[in-house]
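A.B. asks: what shape does this take:
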Amino acid sequence: MSAATEKISTLRSLETDEQLAILWYAYQKIKGDLTPEPEREGENLGDTDSLVSNIKQMSEEEQLQVQRDFIAGSDRQEFQTYKSYSSNQKLYFWYQLAAAMEQNSVVSFPNDYSLSSGGKKLLGLLKEEDFTQQLVFIRDAVGVSTEETARV
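C.D. replies: Got it, this is the predicted structure:
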């Protein structure tokens with residue numbers, strides 16, 4: 001098992017809220033160097049704008065639940081829309097969602113959120129990686145398939 005696969009496996013073994021926290025912390029680490037890719041042929045990044053806008057209209061409890069459902073791969077309508085996205089759209093969706101969390105228009109994690117020992121260990125490993133490795137981790141964590149990663 002590769003180190004990257006092992007990290008994703010470790011992430012998946014954590015509780016849903018902890019997975020979301022790891023993604024949040026990973027985004028915080030790379031956001032200064034992150035530039036979203038331009039829209040590719042056949043994509044519509046505006047679709048992600050619409051989905052994030054819909055989430056912003058929800059109560060904080062619903063916003064948190066939709067994030068949990070995305071991590072768990074729920075059958076809810078928003079997730080079905082998300083599943084149809086290209087790898088670029090999926091990354092852009094999470095980028096926009098994290099930005100909305102920073103702007104307090106989507107519920108974020110409390111500053112005093114405490115990770116389990118497994119979560120702390122994984123976060124420590126991620127902090128040691130370079131930007132590209134961290135971005136690959138986020139890409140894999142948000143459910144981009146192997147076939148799609150070949151195009152990223």
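
A.B. asks: quick check: which element contains Leu23?
C.D. replies: Element membership of Leu23 [criterion: DSSP states H and E] is helix 16-30.

A.B. asks: and the next helix or strand after that helix, what does it pack against?
C.D. replies: Sequence-wise, the next helix or strand downstream of helix 16-30 (DSSP H and E) is helix 46-56. The contact analysis (3 or more C-beta pairs under 8 Å, 6 or more residues apart in numbering; DSSP states H and E) places helix 46-56 against helix 60-72, helix 77-83, helix 87-102. In this view, the C-beta of every residue, glycine as well, is placed from N, C-alpha and C.

A.B. asks: just the angle between helix 46-56 and helix 87-102, please?
C.D. replies: Helix 46-56 and helix 87-102 are oriented at 30 degrees to each other (axes from the mean of the first three to the mean of the last three C-alpha atoms, to 10 degrees).

A.B. asks: re the thing from before, so which of the helices and strands packed on helix 46-56 gets nearest Ala4?
C.D. replies: helix 87-102 (15.5 Å; C-beta to C-beta).

A.B. asks: what's the next helix or strand after that closest one packed up against?
C.D. replies: Next helix or strand after helix 87-102 toward the C-terminus (DSSP H and E): helix 117-128. Counting contacts by 3+ C-beta pairs under 8 Å, 6+ apart, helix 117-128 packs against helix 3-13, helix 16-30.
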